[in-house]
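> predicted model and sequence follow; I will ask about them next.
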Protein chains: 2
Amino acid sequence: MQTSTSFGEIVKALREARQLPLREVADALQIDTSMLGKIEKNSRRPSRKLIEKFAAFFGVSEKNLRVAFLSDLVAHQAMDEEDVAGEVLKVAEEKVAYLKNNKKREQ
Amino acid sequence: MQTSTSFGEIVKALREARQLPLREVADALQIDTSMLGKIEKNSRRPSRKLIEKFAAFFGVSEKNLRVAFLSDLVAHQAMDEEDVAGEVLKVAEEKVAYLKNNKKREQ
DNA sequence: CATGGCTTGGACAACTTCAGTCCAAAACTA
DNA sequence: TAGTTTTGGACTGAAGTTGTCCAAGCCATG
């Protein structure tokens, strides 16, 4: 699997590998067929709960799915200012490190 | 200036370095005093237009302010799932590179 | 070509989120 | 104590989102 694969593409690939129609997967996850189709096209976002269901249903790592989903969001947010997207992510990393540190000390 | 400085902290530092009260800066930028106070506390987000005004008013790099602001957003979004925040940013970088590539080819 | 299931996407209502403002209380200064 | 600054609660209107319903398009197979 490529790393630059959107959450929707991953879910679609998993479904097609099992040769299941949207309807069946949607039923299993208790969502609308149309909703699932949109998630696969990245035009609707899965809730965290739904990501868990995907992981359970397809038997894949929930953590990986969460990373795939969140990195989509983050990447697109960074691309809001395309010219500085790379720098934004670099600085964000420093901030994350800083925030994690702070949290530790608060405990 | 530290790199892990929030947008609000930067703005506040700039204002205090000039010894200006919130009111004066707010008037210059044509926003509510309370709004500016909240922006300095990172509890309200500046619009892009406002970021431009900040840069112009304080005579600092607009790009730097945009990076500071967006990286705040991105860092906090990544921290929504603290346990995978680092990985999220790493994958997001790959996705950004990928998206930029795609855009180039489309031209 | 007709019937069936599959996929796609527009329209919509319910809901959530958020910027921006107003106002009053608290904090500070002189 | 008066005047100024800072803080934050409450609120409104605007914008965005979610999840669903429905209809049209698609593509197999009989």
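All right, it came through fine.
> so how far is the longest helix along chain A off the chain centroid?
Ordering each helix of chain A by length in residues (DSSP state H) puts helix A:85-106 first. Here helix A:85-106 is found 20 Å from its chain centre; the criterion is CA atoms, centre = their mean, to the nearest Å.
> stretch A:68-77 close to chain B?
Yes - shown here: stretch A:68-77 in contact with chain B (CB under 8 Å from any CB of the partner chain) through A:Ala68, A:Leu70, A:Ser71, A:Asp72, A:Leu73, A:Val74, A:Ala75, A:Gln77. For the C-beta atoms, the positions are set from N, CA and C on the backbone; glycine is no exception.
> and the residues you listed, which is closest to B:Lys90?
A:Ser71 (8.1 Å; CB to CB).
> give me the three-state assignment for the most centrally placed residue in chain A.
For chain A, the residue whose C-alpha lies nearest the mean C-alpha position (CA atoms, centre = their mean) is A:Phe69; its distance is 1.0 Å. With DSSP: H, G, I helix; E, B strand; the rest coil as the basis, the three-state label of A:Phe69 is helix.
> pretty sure A:Glu87 is touching B:Leu70, no?
No - counting by CB atoms under 8 Å, A:Glu87 sits too far from B:Leu70 to count as a contact (9.1 Å).
> the two: who's more crowded?
The residue with more neighbours, out of A:Glu87 and B:Leu70 and counting by other CB atoms under 10 Å in any protein chain shown, is B:Leu70; that gives 25 against 17.
> quick one: contacts for the more buried one?
When the contact criterion is CB atoms under 8 Å, 6 or more residues apart in numbering or on different chains, the partners of B:Leu70 are A:Gln77, A:Ala78, A:Asp80, A:Glu81, A:Val84, A:Val88.
> about what we covered before: so can I have a markdown table of the residues of stretch A:68-77 next to chain B showing pLDDT and distance to DNA strand C?
Written out in a markdown table, the entries for those read as follows (pLDDT from 0 to 100; distance: CB to the nearest atom of the strand, whole Å):
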| residue | pLDDT | distance to DNA strand C |
| --- | --- | --- |
| A:Ala68 | 97 | 19 |
| A:Leu70 | 97 | 15 |
| A:Ser71 | 97 | 19 |
| A:Asp72 | 97 | 17 |
| A:Leu73 | 97 | 12 |
| A:Val74 | 97 | 15 |
| A:Ala75 | 97 | 18 |
| A:Gln77 | 96 | 12 |
